[in-house]
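# A structural model of the following input is requested.
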Amino acid sequence: MRNIMTISLPLPLTTVVEKEVKRGNYASKSEFFRYLLRQWMEGKLGHELDQSRKEIQQGKGKLLKSLTDLR
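Residues are numbered from 1 along each chain as shown. Below is the predicted model of the structure:
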């Protein structure tokens, strides 16, 4: 199921989105923003993984024996 979300952008940003769609880089304005959101989510996950690696290297990590240990 999809939800509709309305956003407002200043003209320079609107122009960028419209140009990218017109060039065929994205099928629609919605696809442009879905792509950006996915990239942001991947970046956030990558950052969290880096933080976890640092914690493990510093001896602050927790050894999980099962998924119930995540609680």
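
# drop to CA atoms for contacts and neighbour counts, all remaining ones
OK.

# for this protein, which helix is longest?
helix 29-57 (DSSP state H).

# counting contacts, what elements does that one pack onto?
helix 11-22 (3 or more Cα pairs under 8 Å, 6 or more residues apart in numbering; DSSP states H and E).

# Only the buried residues of the helix it packs on, if you could.
17, 21 (16 or more other Cα atoms under 10 Å).

# Compute the distance from the centre of it to the centre of its chain.
Distance, stretch centre to chain centre, for helix 11-22: 20 Å (Cα atoms, centre = their mean, to the nearest Å).

# what's the average pLDDT for that helix?
Predicted confidence along helix 11-22 averages 98 (mean pLDDT).

# can you state the direction angle for that helix and helix 29-57?
Taking axes from the mean of the first three to the mean of the last three Cα atoms, to 10 degrees, helix 11-22 and helix 29-57 form an angle of 100 degrees between their directions.

# centre of the chain versus the longest helix of the chain, how much separation?
Averaging C-alpha positions (Cα atoms, centre = their mean) puts helix 29-57 5 Å from its chain's average.

# what's the average pLDDT for it?
92.

# So that it lines up with my notes, have the first residue be 811 from now on.
Will do, 811 is the new start, and the previous item becomes helix 839-867.

# list the buried ones in that helix?
839, 842.

# From residue 821, how far off is the residue nearest the centre of the chain?
Nearest to the geometric centre of the chain sits residue 851, at 1.9 Å (Cα atoms, centre = their mean). Plainly put, residue 851 is 26 Å away from residue 821 if you go by Cα to Cα, to the nearest Å.

# ditto for residue 829
With Cα to Cα as the criterion, residue 829 and residue 821 are 12 Å apart.

# same check, this time on residue 879
49 Å.

# same thing with residue 860?
36 Å.

# End to end on stretch 827-840, go ahead and measure it.
OK, stretch 827-840 end separation, Cα to Cα: 10 Å.

# Now do it: everything it contacts.
residue 842 (Cα atoms under 8 Å, 6 or more residues apart in numbering).

# Run a quick neighbour tally on residue 869.
Residues within reach of residue 869, counting by other Cα atoms under 10 Å, total 9.

# can you tell me which residues contact it?
For residue 869, the contact set (Cα under 8 Å, 6+ apart) is empty.
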